[in-house]
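> sequence? don't have it. structure:
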């Protein structure tokens, strides 16, 4: 397959973004470049971090994609002249097709997510993003619902920066350097310092999970979800963004304060699958020993996000019907399957 030379710059930027947990986690996020009639976009389930050493981009028929979206069809047509590619375009390819910029970067950046889950942040965003061409959308489910919202928006205006409610950040530019610089500038302007939280109690965590299929989470940034009372409440009250639901399940369960046995806690799940991760109030987070790297990265991301939410900030959680829709979505099941295969 003859790859366009212009794709090399996107590969380098994508790999750099993918290696920064504060920008993307696991297979989250996606990037694209428009070259002639092709939209080269990251394939579903693959990692931006692998962009420099693996073929992770799929060529989509740009006008065909836009026509499909105009007909309320979220299936993105792949260009066959570059070979019979087995990969699927990212489930968020439509976002890239609708943005008119040559290069589009979609990241689940920590600071942007903190602002995207707040219901009180619009005035502060106007101040922080002054001078930039930007817009904000409320939450829409990834796929056709979000595509339709962005289509309506881009029919009226063409923002270079788009904050997606309960989701992340989308930026566009004429080239990869400009787009990356804009993404970096937005995150700089939206930066929030982490709140103070106690260190995890590793001794207690190891004692609790002895003889079980659980272990303490690898990162201290995951443990802050349980070592701060407010963080614990935010993490267990609901789900904040799509990847939270897909990889960790709706909300995070916590060990009841009057229950000193992990085995007894797991027994309460009856015929439900045991949780990927759960919190021990005041001590930290426990994860299943078979947890996928992508899921543990999502847990760390959740800690980084929640520990930056200001004390007085009101939060919007995903509605229950949206959680159910995400968990039953075929595109997300496909992405999770690729994650499991990659971890083998």
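Cool, the structure landed. Quantities reported herein were computed from a predicted structural model and do not represent experimental measurements.
> in the stretch 201-344 of the chain, which spans are strands?
In the stretch 201-344 of the chain, the strands defined using DSSP state E, counting those that start in this stretch lie at 214-216, 277-280, 284-288.
> nearest to residue 73, of those strands?
Evaluated over these, closeness to residue 73 peaks at strand 277-280, with 36.5 Å, by CB to CB. (Glycine included, C-beta is placed from N, CA and C.)
> other SSEs contacting that closest one?
Where contact means 3 or more CB pairs under 8 Å, 6 or more residues apart in numbering; DSSP states H and E, strand 277-280 is packed against helix 202-209, helix 220-227, helix 229-236, strand 284-288, helix 293-306.
> make it 6 Å
Packed against strand 277-280, as judged by 3 or more CB pairs under 6 Å, 6 or more residues apart in numbering; DSSP states H and E, are the following elements: helix 220-227, strand 284-288.
> how near is the residue of the chain most remote from its centre to residue 275?
Seen from the C-alpha centroid of the chain, the residue lying at the greatest distance (CA atoms, centre = their mean) is residue 258, 34.0 Å away. Between residue 258 and residue 275 the computed distance is 19 Å (CB to CB, to the nearest Å).
> cool, and residue 18?
Using CB to CB, which is the criterion applied here, residue 18 is 27 Å from residue 275.
> would TSV of the strands of the stretch 201-344 of the chain with distance to residue 124, mean pLDDT and mean neighbour count be doable?
Rendered in TSV, the data for the strands of the stretch 201-344 of the chain read as follows (distance: least, CB to CB, whole Å; pLDDT from 0 to 100; neighbours: other CB atoms under 10 Å):
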stretch	distance to residue 124	mean pLDDT	mean neighbour count
strand 214-216	36	97	20
strand 277-280	29	97	24
strand 284-288	30	98	25
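> Residue 135 - that's part of a helix, no?
No - according to DSSP: H, G, I helix; E, B strand; the rest coil, residue 135 belongs to no helix; its state is strand.
> Torsion angles phi and psi at residue 141?
Summarising the backbone geometry of residue 141 under the convention degrees, to the nearest 10, its torsions are phi -60, psi 140.
> and it, how many neighbours?
Residue neighbour count, defined by other CB atoms under 10 Å, stands at 18 for residue 141.
> The one 5 residues further on now?
A total of 23 residues lie near residue 146 under the criterion other CB under 10 Å.
> Over to the one 5 residues further on?
Taking other CB under 10 Å as the neighbour definition, residue 151 ends up with a count of 18.
> just to revisit the earlier point, what's the residue farthest from the centre of the chain sitting at in phi/psi?
Backbone geometry at residue 258, expressed as degrees, to the nearest 10, gives phi -100, psi 10.
> repeat for residue 272
Dihedral pair for residue 272: phi -80, psi 150, per degrees, to the nearest 10.
> Next up, the contacts around it.
Contact partners of residue 272, counting by CB atoms under 6 Å, 6 or more residues apart in numbering, are absent.
> Could you check how far it is from residue 96?
Residue 272 sits 37 Å away from residue 96 when distances are taken as CB to CB.
> Next, the buried residues of stretch 184-192.
186-187, 189-190 (16 or more other CB atoms under 10 Å).
> typo on my end, stretch 31-38
Using 16+ other CB under 10 Å as the burial criterion, the residues of stretch 31-38 that qualify are 31-35, 38.
> What is the neighbour count of the residue nearest to residue 266 when sequence neighbours are not counted?
Leaving out its chain neighbours, the residue that sits closest to residue 266 by CB to CB, 6 or more residues apart in numbering is residue 274, at 5.4 Å. The criterion is other CB under 10 Å. On that basis, residue 274 has 15 neighbouring residues.
> how long is stretch 53-66 end to end?
Terminal residues of stretch 53-66 lie 30 Å apart, using CA to CA, to the nearest Å.
> dump the residue contacts of the nearest residue to residue 297 once chain neighbours are set aside.
Once its chain neighbours are removed from consideration, residue 297 has its nearest residue in residue 25; the separation is 4.1 Å (CB to CB, 6+ apart). For residue 25, the contacting residues are 297-298, 301, by CB under 6 Å, 6+ apart.
> Quick check on the residue lying closest to residue 263 once chain neighbours are set aside: phi, psi?
Distances taken as CB to CB, 6+ apart place residue 212 nearest to residue 263, at 6.6 Å, with adjacent residues excluded. Dihedral pair for residue 212: phi -110, psi 180, per degrees, to the nearest 10.
> Relative to residue 289, how far out is residue 212?
Applying CB to CB, one obtains 9 Å for the distance of residue 212 from residue 289.
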